[in-house]
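K.L.:
Using only what follows, build the 3D model:
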Amino acid sequence: MIAEQIKKTLDTISDWTDEYTATYGIVFKKVSPTNLDAVAERYASEGNWHRVLAVKRKAEIVGYSSSTIDDKVKQALTNISQFTSQLPKMPDGWWWNSYYHLLNCFKYARELNHETDKWSNPLTAFRTLRNLRFEIPPFHRCNPDTGVVERLEGGRWLDSAALAGAWMKFAEVAKGTSQQSTLYAEVSDILPYEWRQFNRLFWLLSTKGNYYKYGVENEGYDASFGSIALTWAKAFTLHSLTLTENFHYLIMDISNRCISKKWDSPQWGGYSVAVKLYPTNPERRLDGTLIGWAAIQTFYRDFNDSIKQNVKNMLLGKDVPKASENLLASDLFDSASNRFRMGSGESLSDRASCFGATTLFLNAIVPDTGSLAIPLRAEGIAEYEAEFFDPTHFEFNYEAKRIKIPVYAGKLKFIFGDKEAEVKFPYDGIYAVTFSTDWNSITSIQRVGDLKDIYAYPPKAPSALELSVAAIATMIGTAPIYYFSKDLIKKAEEVAK
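P.N.:
This next block holds a predicted model:
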């Protein structure tokens, strides 16, 4: 039973002061947001300043403010080095596209009134990186002071997507400054350019199936697909990239690499979990599996009926093994200890066990006419994209037999127990779902919030008339019970008058 396995795995975790275990610990009701203070202190003591910034961002997401974290961020703003353009450096002296959360230095310096001269000019930093970008194909790291760029595999698709994420982050950190309008306009210019180059260089029409290849010189299927898809989903949603301009390539890519042949689809590499690079590197990757399933949920509404049916069959175990069973049968999981490893051959760890529990959580939720609404964080490529699983949207409370999820309206099935539990969500929103003691049926559903974050193609809010109908239905009530917030019911009552 998935709920029981999640609990068993969570019970093995002892260190909740990792940037991921801390955040996931809040979701899984193991720690409170105050635990993020200890995480910030830990990374500051190690001089790991870019991770201090990551903790600050996580605290923002969960709505937690702390003088302890802010003090450590101030230290980070002082200690993180810069290139002459104010573009931040990683400790090895390079700018890495994947770590674009470092650009939050510009935002935090202004908010904390610390090192404001040092971090005053995101526009110059942006233009410096943009000018280097016009070398084709994309690089994974650069030194803008010397003009040196480095690339692998002739340029990789994840490097282009990471640059797209960086462009969007520049627009975010300039909000509220005199540079806001200029930077937003220039970001809006380069994002379509990045998208066109992404498709020109990496889209592959082949007998193996239409998909995005790993690199200019490598036609492999890369486990980073989930991070890349979610980054571009944010670009399409937030920066109005024309959805008709090759948007369908993203849908075709995920369909062909993961779903069209179910577990025989190439990205699973014959292992039924994501492999690092099929067919040349069969290392199994837990992070790729987790974020891949998040992307599948994100684009589920765009799949054709056949692909949708395959997704459901893979999760439910209809004619094929269940996704959760495949994960637990893989070498990413150790049944003796109930713990996970991030990659085949790596050590079992608390962080990986959190990733494993989260993957099981996603595998227990089956889309149908509705689906999960995954927050489009786009904080960085690969591991940083796991930011989507945060306690403002998700919860797993084993003792209370309750979960919280963001959904697009429609029918979903849950397989946390031994039987399928089905329910229809009337509107887009964040819902608390309570289960019976055996997790086999649903006893209540409560709408606890709106989708206020960034999601793919922002949903249309329910009309006042729809809310009125919902309120009346609530009063009539049949199990499972639908609850609506006081504000929603108040609106409905006003319409009814």
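K.L.:
burial measure for N210, as a count.
P.N.:
Per other C-beta atoms under 10 Å, the neighbour tally for N210 reads 16. The C-beta positions use only the backbone N, C-alpha and C, and glycine is treated the same way.
K.L.:
what do you get for K74?
P.N.:
Residues within reach of K74, counting by other C-beta under 10 Å, total 17.
K.L.:
ok, now how distant is it from G209?
P.N.:
Note on K74: its distance to G209, by C-beta to C-beta, to the nearest Å, is 50 Å.
K.L.:
Kindly report the same for E115.
P.N.:
Following C-beta to C-beta, the distance that separates E115 from G209 is 50 Å.
K.L.:
what's the residue positioned nearest the centre of the chain in contact with, if anything?
P.N.:
Nearest to the mean C-alpha position of the chain, counting by C-alpha atoms, centre = their mean, stands F388 at 3.6 Å. Going by C-beta atoms under 8 Å, 6 or more residues apart in numbering, F388 touches 230, 291, 294, 374-377.
K.L.:
Compute the distance between it and E395, please.
P.N.:
Distance from F388 to E395, by C-beta to C-beta: 14 Å.
K.L.:
Then L230?
P.N.:
On the measure of C-beta to C-beta, L230 and E395 end up 21 Å apart.
K.L.:
When those two are compared, which one has more neighbours?
P.N.:
In this view L230 and E395 are compared by other C-beta under 10 Å, and L230 has more residues nearby, 27 against 20.
K.L.:
and that one, what does it touch?
P.N.:
Contacts for L230 (C-beta under 8 Å, 6+ apart) come out as 291, 294-295, 298, 374, 376-378, 385, 388.
K.L.:
Now do the SS call for A125.
P.N.:
A125 carries the three-state label helix when classified by DSSP: H, G, I helix; E, B strand; the rest coil.
K.L.:
Next one: the nearest residue to it once chain neighbours are set aside, what pLDDT does it get?
P.N.:
Excluding its sequence neighbours, the residue lying closest to A125 (C-beta to C-beta, 6 or more residues apart in numbering) is L87, at 4.2 Å. At L87, the model reports a pLDDT of 98.
K.L.:
and if you look at F388?
P.N.:
93.
K.L.:
With Q297 instead?
P.N.:
96.
K.L.:
Likewise for the one 5 residues further on?
P.N.:
The pLDDT attached to D302 in the predicted structure is 93.
K.L.:
if I pick V366, what's in contact with it?
P.N.:
Per C-beta under 8 Å, 6+ apart, neighbours of V366: 312, 315-316, 412-415, 420.
K.L.:
Sort out which one of those residues lies nearest F355 for me.
P.N.:
L315 (18.0 Å; C-beta to C-beta).
K.L.:
circling back to that earlier point, quick check: strands, which of the contacts of V366 are part of them?
P.N.:
Counted as lying in strands by DSSP state E, out of the contacts of V366, are 412-414.
K.L.:
out of those, who's nearest G215?
P.N.:
Ranked by distance to G215 (C-beta to C-beta), the ones in strands among the contacts of V366 are led by L412 at 37.0 Å.
K.L.:
OK, contacts around the closest residue to the closest one other than its chain neighbours?
P.N.:
Spatially, and ignoring its direct neighbours in sequence, L412 is nearest to G370 (5.2 Å; C-beta to C-beta, 6+ apart). Applying C-beta under 8 Å, 6+ apart to G370 gives the contacts 407-412, 424-425.
K.L.:
same thing with E172?
P.N.:
Counted by C-beta under 8 Å, 6+ apart, E172 has contacts K107.
K.L.:
and it, what helix or strand is that in?
P.N.:
helix 157-173 (DSSP states H and E).
K.L.:
moving C-terminal of that helix, what's the next helix or strand?
P.N.:
helix 180-202.
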